[in-house]
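Chemist: generate a structure from the sequence data that follows.
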Amino acid sequence: MDHEVRESRHSAVRYSLLTVGWLSVVLGVIGIFVPVLPTTPFLLLAAACFARSSQRFYLWLVGHPKLGPWIRDYLDGHGIPLKGKVYAIGLMWLSIALSCYLVPLPWARAFMLSCAVLVSLYILKQKTLPNR
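Modeler: Prediction:
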């Protein structure tokens, strides 16, 4: 488990990343118990935020006995659980569909749909772990 942690030099960026990181941890933990909330994407986001804001929190999260395996499996190239892939892609497309409905600008819709397609392809391309 030798992953790079490079903290941002800007305090405003660091505090913003810490806030998003902790919010993601909370949502990820809730996702363990609530079937419609994805755990893995939120924990990966938290790890990415902590990797740029706090080495201490990053090491805590990645080394956590319950939460760490979700992240380490991905970082070590073992993949993402099928449940995580399904929820991440499903919720992303639901939010993109709602956003496209609410935003009438064709260029914004094209941008959102392009991003959703690319993110979906990236997630689908990752190795799949059995459900946890």
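
Chemist: what does the lengthiest helix in the chain rub up against?
Modeler: Counting by DSSP state H, the longest helix found in the chain is helix 11-33. Identification of contacts with helix 11-33 by C-beta atoms under 8 Å, 6 or more residues apart in numbering yields 7-8, 37-43, 45-47, 49-50, 52-54, 57, 61, 67, 70, 87. C-beta: built from backbone N, CA, C; applies to glycine.

Chemist: mind giving me the ChimeraX select for these, buried ones only?
Modeler: Typed into ChimeraX, the next command selects the buried ones out of those (criterion: 16 or more other C-beta atoms under 10 Å):
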select :37,38,39,40,41,42,43,45,46,47,49,50,52,53,54,57,61,67,70,87
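
Chemist: and Leu91, how many neighbours?
Modeler: 14 (other C-beta atoms under 10 Å).

Chemist: off-centre distance for the worst-scoring helix or strand of the chain on mean pLDDT?
Modeler: Sorted by mean pLDDT, DSSP states H and E, the helices and strands of the chain end with strand 80-81, the least confident at a mean of 81. How far strand 80-81 lies from its chain's middle: 12 Å, per C-alpha atoms, centre = their mean, to the nearest Å.

Chemist: can you name the element that comes right after it?
Modeler: Per DSSP states H and E, strand 80-81 leads on to helix 82-102 as the next helix or strand towards the C-terminus.

Chemist: Lys85 reaches Lys125, doesn't it?
Modeler: No: contact criterion C-beta atoms under 8 Å: Lys85 and Lys125 do not qualify, at 10.3 Å.

Chemist: domain-wise, how is this structure divided?
Modeler: Split into domains by automatic domain parsing, the chain comes to 1-78, 79-132.

Chemist: centroid residue for the chain?
Modeler: Pro41 (2.9 Å; C-alpha atoms, centre = their mean).

Chemist: hmm, back to that, how about the longest helix of the chain, which residues are buried there?
Modeler: For helix 11-33, by 16+ other C-beta under 10 Å, it's 14, 17-18, 20-22, 24-25, 27-29, 31.

Chemist: possible to save the residues you listed as TSV with pLDDT and distance to Tyr74?
Modeler: Shown next, in TSV, are the buried residues of helix 11-33 (pLDDT from 0 to 100; distance: C-beta to C-beta, whole Å):
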residue	pLDDT	distance to Tyr74
Arg14	88	23
Leu17	92	19
Leu18	93	21
Val20	93	18
Gly21	93	16
Trp22	96	19
Ser24	92	14
Val25	94	15
Leu27	90	17
Gly28	87	13
Val29	90	17
Gly31	81	15
